[in-house]
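Trainee: Coordinates for the following, if possible.
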Amino acid sequence: MANVAREERWGDRTSVEDRRDEILRKLGLALRDRGFAAMKMQDIADMLNMTKGNLYYYFPSKQDLLFHGHMKCMAISLAALADAQQATPPYARMLQALLRRHIAGVLEEANGAVLLTDLEDLAPAHRQEYVALRDRFEQGVRAILVAGMKAGEFRDADPSVATLAMLGGVNWMPKWYRPEGRWSPTEAADRFAMFFLQSVLA
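Mentor: Numbering: from 1, shown residues only. The predicted structure follows:
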């Protein structure tokens, strides 16, 4: 009977994608407090109060589950980059808007905690696909910094170092951020986007 109840609980979602999203959110909350490498699919299923067979229906492996979490976060960041690239200068405003959306996306979506996992946990093909998108995002941020430096809005600095410092800081936020803390995701995004921006302003 317990298994039936579990199946019914996870069977009232509107689509497979919705169910995957909820699994990823719940997993993300757990990843803030424990390592992914030590988890087994049975552990994850127990944590989500669902059967292991049902979990395998949505994600055929632990690596596939992790990959979808990474890709969901990347989709949010790339959407923010696309909007920033369509905006017009000043570059400071473009960079601030991009960072604000990137940070808020990482913090609002609990599965942002997957960014704390080692990419070696991904299957080689998945790792290659994700890294290509991650590099595209980094290059987009760096291009805005370079353009801003040429325009005199940003101080002369190594754009690669600035980009990695900003994005590395953002990727670590899910480790310490708690929704019940003093800042909402939007407030944290505003504060840190401004801090990062001020670090490069001329």
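Trainee: and Ala202, how far is that from Glu153?
Mentor: 6 Å (Cβ to Cβ, to the nearest Å). (Glycine included, C-beta is placed from N, CA and C.)
Trainee: ok, the two, which is more surrounded?
Mentor: Legend: neighbour count by other Cβ atoms under 10 Å for Ala202 and Glu153, higher for Glu153 (19 against 12).
Trainee: what's the weakest-modelled helix or strand in the chain?
Mentor: helix 2-10 (a mean of 41; mean pLDDT, DSSP states H and E).
Trainee: Tell me the first helix or strand C-terminal of that helix.
Mentor: helix 16-31 (DSSP states H and E).
Trainee: in that next one, what's buried?
Mentor: Buried residues in helix 16-31, counting neighbours by 16 or more other Cβ atoms under 10 Å, are found at Arg19, Arg20, Asp21, Ile23, Leu24, Arg25, Lys26, Leu27, Gly28, Ala30, Leu31.
Trainee: Now do that helix: which elements does it pack against?
Mentor: Packing contacts for helix 16-31, counted by 3 or more Cβ pairs under 8 Å, 6 or more residues apart in numbering; DSSP states H and E, involve helix 41-47, helix 52-58, helix 62-86.
Trainee: Could you check stretch 152-162 and say which residues are buried?
Mentor: Buried, per 16+ other Cβ under 10 Å, within stretch 152-162: Glu153, Phe154, Pro159, Ala162.
Trainee: Present the residues you listed as CSV; the columns should include distance to Ala75.
Mentor: Formatted as CSV, these follow (distance: Cβ to Cβ, whole Å):
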residue, distance to Ala75
Glu153, 29
Phe154, 27
Pro159, 25
Ala162, 24
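Trainee: what's the neighbour count on Leu81?
Mentor: 21.
Trainee: Quick check: the gap between the residue lying closest to it once chain neighbours are set aside and Leu48.
Mentor: The shortest distance from Leu81 to any residue other than its chain neighbours is 4.4 Å, reached at Gly140 (Cβ to Cβ, 6 or more residues apart in numbering). Gly140 is 35 Å from Leu48, where distance means Cβ to Cβ.
Trainee: Domain parsing of this structure, as residue ranges.
Mentor: Following automatic domain parsing, the chain resolves into domains at 2-62, 66-198.
Trainee: gap between Lys26 and Asp83?
Mentor: Here the criterion is Cβ to Cβ. By it, Lys26 lies 29 Å from Asp83.
Trainee: How about Ala202?
Mentor: Taking Cβ to Cβ, one finds Ala202 at 24 Å from Asp83.
Trainee: Equivalent analysis for Arg19, please.
Mentor: On the measure of Cβ to Cβ, Arg19 and Asp83 end up 29 Å apart.
Trainee: swap in Leu133?
Mentor: For Leu133, the distance to Asp83 - Cβ to Cβ - is 16 Å.
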